[in-house]
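[1] My questions are about this predicted structure, shown below with the sequence.
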Amino acid sequence: MIKKIKRICKTCGKTFYKYLSQIKNGQGFYCSKKCYKNSIIKIEKIKCVCKTCKKEFYKYPTEIKRGDGIYCSKKCCKTGKTIRCIICNKEFYIRKYRIQAGYSKFCSRKCHGIWKSRNRQGINNFFYGKRHTNITKRKIARLAKKRLENPLNNPNWHGGKSFEPYGLEFNKQLKELIRQRDNYTCQECYQAQNQLKRKLFIHHIDYNKQNNNPENLISLCNSCHSQTNYSRNDWTNYFQNKV
């Protein structure tokens, strides 16, 4: 049989018994709900005065920090501006708290519903129904087909270097040694591996996959490593001077 453990209430000092599992969950401090409620420190409201009607009202300190302790009600909050509706072009007066909530574009819920239905259909888009959008799509499709047929037309083509195999020396042990040498930080943006929650990439400075000398290898994060695919000559000179 599992025995109960003797405990003493923090507020009234009364003895009571609880199981070990209940004590682990945090139930072994108070004998009842009343004692627990009496132990909690109640946050008192602060007295405020309305700017317009000068009426006294009470607010919590967290509410005052948000900026709710200036006016007692929505009627007294006269700060706002006139805005024209996007759909019906009707002018309407809107208060400051509604502008912050994101209701400053539409005069009513009806206009907001019309805008939503148009957005689903794509009518709100500036290029909806215009002819030149179809022409641009066709041009992009043609360029993509040409580059797939002949990769030499692509400006980022470097003779198929990405398909070359790595050397046998380039293994997990070598990668880990270089990460350890660089203190597990990216050598470009200086972000730690623990912050990224991902292992750092090992980059070849001269883009030669067979050259696995430690001087030719550097540890980079994913974003910095993706940038090295462009303007390779500049990156080689940059990293060689840095190392």
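    Cool, the structure landed.

[2] for the chain, what spans make up the strands?
    Shown for the chain, the strands assigned by DSSP state E span residues 5-8, 15-18, 46-49, 56-59, 80-84, 91-95, 201-204, 217-220.

[3] of all those, which lies closest to Lys65?
    When these are compared by Cβ to Cβ, strand 56-59 sits nearest Lys65, at 9.9 Å. No exception for glycine: its C-beta is placed from N, CA and C like everyone else's.

[4] What pLDDT is listed against Gly113?
    We note a pLDDT of 82 for Gly113 in this prediction.

[5] Tell me where the model's unsure across the chain.
    Counting by pLDDT under 70, the low-confidence segments of the chain come to 1, 41-42, 78-80, 95-104, 120-164, 243.

[6] domain ranges for it?
    5-39, 47-119, 130-159, 161-242 (automatic domain parsing).

[7] excluding its backbone neighbours, what's nearest the residue nearest to the spatial centre of the chain?
    Most central residue of the chain, judged by C-alpha distance to the mean C-alpha position with Cα atoms, centre = their mean, is Leu196 at 13.8 Å. Nearest-residue entry for Leu196: Cys221, 5.8 Å, with adjacent residues in sequence omitted and distances by Cβ to Cβ, 6 or more residues apart in numbering.

[8] follow-up on the earlier one: possible to save the strands of the chain as TSV with distance to Gln210 and mean neighbour count?
    Shown next, in TSV, are the strands of the chain (distance: least, Cβ to Cβ, whole Å; neighbours: other Cβ atoms under 10 Å):
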stretch	distance to Gln210	mean neighbour count
strand 5-8	68	13
strand 15-18	69	14
strand 46-49	72	13
strand 56-59	71	14
strand 80-84	66	12
strand 91-95	67	14
strand 201-204	9	19
strand 217-220	12	23
